[in-house]
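# Dropping the sequence and predicted coords here.
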Amino acid sequence: MNYELFIGLRYLRARRSETFISLITVISVLGVMIGVMTLNVVMAVMTGFEETLRDRLLGINAHVALVKSGDQLRDYEQLLERVQKETGVAAAAPTIYGQVMLTSGPRVSGVFVRGVDPDRVNSVVDIGKYIKKGSLQALKKPQPIQVEERTVLLPGVILGIRLASQLGVFLGSPLQVVSPLGSPTAIGVIPKVRRFVVVGIFDSGMSEIDSTLVYMSLGDAQKFFEIGDAVTNIEIRVQDVYQAKTVADSIQRKLGFPYLTEDWSRLWPNLFSALKLEKTVYFLVLLLMVLIGAFNIISTLIMVVMEKRKDIAILQSMGATRAGIRKIFLIKGCVIGVVGTALGVLFGLAICLLIQEYQFIELPKDVFLISTVPVRIYWSNFLLVGFASLGVCLLASIYPARQAAKLDPVEIIRYE
């Protein structure tokens, strides 16, 4: 062990007359530890919120959507074959989008209709796992229900749980679907009205989607909107969600105009930009807590330098170089930073694991998408926080170490 390391570690242990300096050293370690611990926990929670929101949105919406400018897709089966051969594409399915009004007795609600193929939609979106009552396969054939003491066959729809509550319907309830684009007659335009029956209720956890989205089969949507054998878009699932933009751009280049593609990052750019900015701001703000510990390191080392002036002079008179003296105090500051950072990482990881395992921090479901605080533990985030903390502590040690190296041993020995 070289003398710089030996003396640097020795200065961490205080004599009786230096108990106050030792206490400040402990406070410095605790300051760094608390800052690193808090920063790690907040980063894990913010990442959890971001990924939970992304997974929920992409569980209902496709990664990439292919549309035709100003027209429906009438050759969608051939397009599906071409799209599925594209590198990075996991699955694709045809879809019809439209806007209608739902009525049940005196209750009315404007909604978005999504016409889907029950056999293919689950390969693109995860609607199947959100259905709490009924089933997706019930969309494939008309369902018999009793209406005015007679049995009739009605096509099915699947509603969001909030929409079902607003309309006062449940599984097996009939309702009317009204198109704002009516049929022209001799007496004017008459709204198109068709009866459907509720065959499923889903709960995505997002109130806006659960109160405005309705699923019906692809064939029923084609008949209701009178578009024949056509769809409005093709929804695509990619193998890596972060490569969705690359896949979308590749598909658009190969198909050319008038075909257009949109990936999920373009659908909600403001939302995910805000989340990313918020996480960055939290990181910078909480890094100030580490800086507080760093200022404690500066004050501790300055007091140690003042206390060890005689020791520094003796070491220099025995042949220690200014670089060696500087290294002694850098080692002491780095040890404080390493110990504080290591403890902060360990305690932060322990708190994250406790929150993840026991989920004891509850959230109001009406406000948030989930009922408990989500946590995502990534070692890259912990390493980033750790290196940032060590960098700050090292920078904080430079000034006191340089001041110690500048001391003149002749002046110190002469007057002390």
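Great, that's in hand. Numbers count the residues shown, from 1 in each chain.
# what helices or strands is the helix or strand containing Val345 leaning on?
Using DSSP states H and E, Val345 maps to helix 322-358. The contact analysis (3 or more Cβ pairs under 8 Å, 6 or more residues apart in numbering; DSSP states H and E) places helix 322-358 against helix 3-10, helix 19-60, helix 269-307, helix 309-317, helix 379-406. All C-beta spots, glycine's among them, are computed from the backbone N, C-alpha and C.
# Identify, out of those, the most deeply packed stretch.
Among the helices and strands packed on helix 322-358, helix 19-60 has the highest mean neighbour count (mean count of other Cβ atoms under 10 Å), at a mean of 20.
# continuing past that helix, what's the next helix or strand?
Going down the chain from helix 19-60, the next helix or strand is strand 64-68, by DSSP H and E.
# which residues are in contact with that following strand?
Here strand 64-68 makes contact (Cβ atoms under 8 Å, 6 or more residues apart in numbering) with 73, 79, 83, 232-238, 244, 247-248, 251, 255, 258-264.
# ditto for stretch 329-343
With Cβ under 8 Å, 6+ apart, stretch 329-343 has contacts from 4-5, 8-9, 11-12, 25, 28-33, 36-37, 293-294, 297, 300-301, 304-305, 386, 389-390, 392-394, 396-398, 400-401, 404.
# And for stretch 41-51?
For stretch 41-51, contacts defined as Cβ under 8 Å, 6+ apart pick out 272, 275-276, 278-279, 282-283, 286, 348, 351-352, 355, 373-378, 381, 385.
# Just the CA trace of that stretch, in PDB.
Output of stretch 41-51 as PDB, limited to C-alpha atoms (Å, rounded to 0.1, in the frame of the first residue of the first chain):
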ATOM      1  CA  VAL A  41     -36.000   5.600  -6.400                       C
ATOM      2  CA  VAL A  42     -37.500   8.500  -8.400                       C
ATOM      3  CA  MET A  43     -35.800   7.400 -11.600                       C
ATOM      4  CA  ALA A  44     -37.200   3.900 -11.200                       C
ATOM      5  CA  VAL A  45     -40.700   5.200 -10.400                       C
ATOM      6  CA  MET A  46     -40.700   7.700 -13.300                       C
ATOM      7  CA  THR A  47     -39.500   5.000 -15.700                       C
ATOM      8  CA  GLY A  48     -42.200   2.700 -14.400                       C
ATOM      9  CA  PHE A  49     -44.900   5.400 -15.100                       C
ATOM     10  CA  GLU A  50     -43.500   6.000 -18.600                       C
ATOM     11  CA  GLU A  51     -43.400   2.300 -19.500                       C
END
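# where does the stretch 251-400 of the chain have low pLDDT?
Across the stretch 251-400 of the chain, residues meeting the criterion (pLDDT under 70) sit at 365-371.
# Pull out the buried positions in the helix or strand harbouring Ser265.
Taking DSSP H and E as the criterion, Ser265 maps to helix 264-267. By 16 or more other Cβ atoms under 10 Å, the buried positions in helix 264-267 come out as Trp264, Ser265, Leu267.
# Let me know the closest of the residues you listed to Ser135.
Relative to Ser135, the closest of the buried residues of helix 264-267 is Trp264; by Cβ to Cβ it sits at 26.7 Å.
# Pretty sure that closest one sits against Ala244.
Yes: applying Cβ atoms under 8 Å, one finds Trp264 in contact with Ala244, separated by 5.6 Å.
# Common neighbours of those two, please.
Common neighbours of Trp264 and Ala244 (Cβ under 8 Å, 6+ apart) are His63, Val64.
# Of the helices and strands packed on helix 322-358, which is nearest Phe196?
Nearest to Phe196, of all these, is helix 19-60, at 20.4 Å by Cβ to Cβ.
# I'd like the mean pLDDT over the closest one, please.
Throughout helix 19-60, pLDDT has a mean value of 82.
# tilt between that helix and helix 322-358?
Here the directions of helix 19-60 and helix 322-358 differ by 50 degrees (axes from the mean of the first three to the mean of the last three Cα atoms, to 10 degrees).
# With only the CA atoms kept, save whichever strand or helix holds Arg195 in PDB.
Per DSSP H and E, Arg195 falls inside strand 188-202. The C-alpha coordinates for strand 188-202 follow below in PDB (Å, rounded to 0.1, in the frame of the first residue of the first chain):
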ATOM      1  CA  GLY A 188     -84.300  14.400 -46.700                       C
ATOM      2  CA  VAL A 189     -81.400  12.700 -45.000                       C
ATOM      3  CA  ILE A 190     -82.400  10.100 -42.500                       C
ATOM      4  CA  PRO A 191     -79.800   9.000 -39.900                       C
ATOM      5  CA  LYS A 192     -78.800   5.400 -40.200                       C
ATOM      6  CA  VAL A 193     -79.700   3.400 -37.100                       C
ATOM      7  CA  ARG A 194     -78.900  -0.300 -36.400                       C
ATOM      8  CA  ARG A 195     -79.400  -2.400 -33.400                       C
ATOM      9  CA  PHE A 196     -76.500  -4.200 -31.700                       C
ATOM     10  CA  VAL A 197     -76.100  -6.200 -28.600                       C
ATOM     11  CA  VAL A 198     -73.300  -5.900 -26.000                       C
ATOM     12  CA  VAL A 199     -71.200  -9.100 -26.100                       C
ATOM     13  CA  GLY A 200     -68.200  -7.900 -24.200                       C
ATOM     14  CA  ILE A 201     -66.900  -5.200 -21.800                       C
ATOM     15  CA  PHE A 202     -63.200  -4.200 -21.500                       C
END
